[in-house]
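**Student:** just need the structure, nothing else, for what follows:
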Amino acid sequence: MKQVSDNIAHDLRTPLTRIRNNLTALETEVDEAHAGRVQALIDEADGLLGTFSALLRIARIESEGDRAAFADVDLNVLLQDLVELYEPLCSDKGQRLELTILGSLQLHADRDMLFQMISNLVDNASKYTPADGVIRVVASRDGDDIRLLVTDNGPGIPEAARKKVFQRFYRLEASRGMLPGNGLGLSLVAAVVELHQGEIRLHDNHPGLRVIIRLPVQTDDYQSE
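**Tutor:** Alright, predicted model coming up:
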């Protein structure tokens, strides 16, 4: 199933991009009464393209295990950049985004993938956290590992589903049709964690979700160089 979904994403992305571009051109030619319908189709195409891009990125991470872009990363700067990006979004929804960094944190990693991984977690937390809720990101050093903690005040994930949510396209029944998403966000997070030889665990935050990620400061391939 994973191979089939990867092949479909690869084969359909190009024609879908062509359709999307044609719709954009059409939007300038139709009258105002029809422009809204064309824009709705463009939005649908963008959503599908986003799904395909996520699938292909997950497939690339899982199949290639490419560490060519690994370098020494200043996690303090990365997290501050990420919070600066998401604070306005959370503020608009009445949420508070808090960042705690304990010490100066460096690790050998792919900065772009790491940024995407944590972004997915914060984005998920914001999606499910109610107004007046708090989203916390905490980073610290624990021996030879970096410990990342992301918590929210949302509905959380039942214990029976905590392994399933890392599967592609899996979404909890309560969120289907109510919140936007394609069920790939946590799949990408898990793929990035595995690439970095780390581990991820989900716990109850009473209420909400606690995501705990441990990443080695140095991966095996770096240590053997």
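
**Student:** against V134, how distant is A71?
**Tutor:** 33 Å (Cβ to Cβ, to the nearest Å). Heads up, the C-betas are built off the backbone N, CA and C, glycines and all.

**Student:** my bad, should have said G103
**Tutor:** 23 Å.

**Student:** and the two? which has more neighbours close in?
**Tutor:** V134 (15 against 10; other Cβ atoms under 10 Å).

**Student:** tell me the contacts of the closest residue to the more buried one other than its chain neighbours?
**Tutor:** The shortest distance from V134 to any non-neighbouring residue, by Cβ to Cβ, 6 or more residues apart in numbering, is to R96 (4.8 Å). If you count contacts by Cβ atoms under 8 Å, 6 or more residues apart in numbering, R96 has them with C90, G133, V134, I135.

**Student:** swap in D123?
**Tutor:** With Cβ under 8 Å, 6+ apart, D123 has these contacts: Y86, G185.

**Student:** how about the one 3 residues further on?
**Tutor:** Taking Cβ under 8 Å, 6+ apart as the contact definition, S126 lies against Y86, L89, C90, K93, Q95, L97, I135, D152.

**Student:** what strand or helix carries the third one?
**Tutor:** Following DSSP states H and E, the helix or strand that holds C90 is helix 75-92.

**Student:** and that helix, which residues are buried?
**Tutor:** L75, L78, L79, L82, V83, Y86, E87, C90 (16 or more other Cβ atoms under 10 Å).

**Student:** residue ranges with poor pLDDT in this protein?
**Tutor:** 1-10, 62-66, 169, 171-183, 221-225 (pLDDT under 70).

**Student:** follow-up on the earlier one: check which helices and strands the helix holding C90 is in contact with.
**Tutor:** strand 96-102, helix 111-128, strand 134-142 (3 or more Cβ pairs under 8 Å, 6 or more residues apart in numbering; DSSP states H and E).

**Student:** right, so of these, which gets closest to A59?
**Tutor:** Closest to A59 of those, according to Cβ to Cβ: helix 111-128, at 13.8 Å.

**Student:** what's the angle between that closest one and strand 134-142?
**Tutor:** 140 degrees (axes from the mean of the first three to the mean of the last three Cα atoms, to 10 degrees).

**Student:** does Q218 sit in a helix, a strand or a coil?
**Tutor:** For Q218, the assignment made with DSSP: H, G, I helix; E, B strand; the rest coil gives coil.

**Student:** what's the helix or strand for the closest residue to it other than its chain neighbours?
**Tutor:** Spatial nearest neighbour of Q218, excluding adjacent residues (Cβ to Cβ, 6+ apart): H108 at 4.9 Å. Here H108 sits within strand 106-109, counting by DSSP H and E.

**Student:** list the contacts of that strand.
**Tutor:** Applying Cβ under 8 Å, 6+ apart, the contact partners of strand 106-109 are 70-75, 146, 196, 215-219, 222.

**Student:** for L209, find the nearest of the helices and strands packed on helix 75-92.
**Tutor:** helix 111-128 (7.3 Å).

**Student:** could you dump that closest one to CSV, C-alpha only?
**Tutor:** Extracted C-alpha coordinates of helix 111-128, given in CSV (Å, rounded to 0.1, in the frame of the first residue of the first chain):
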residue,chain,number,x,y,z
ARG,A,111,17.8,21.5,9.7
ASP,A,112,15.0,21.7,7.1
MET,A,113,13.6,18.3,8.1
LEU,A,114,13.9,19.1,11.7
PHE,A,115,12.0,22.4,11.2
GLN,A,116,9.3,20.6,9.3
MET,A,117,9.0,17.9,12.0
ILE,A,118,8.5,20.4,14.8
SER,A,119,6.3,22.6,12.6
ASN,A,120,3.9,19.7,12.0
LEU,A,121,3.7,19.1,15.8
VAL,A,122,3.0,22.8,16.6
ASP,A,123,0.5,23.0,13.7
ASN,A,124,-1.3,19.9,15.0
ALA,A,125,-1.4,21.3,18.5
SER,A,126,-2.8,24.6,17.3
LYS,A,127,-5.4,22.8,15.2
TYR,A,128,-6.9,20.9,18.2
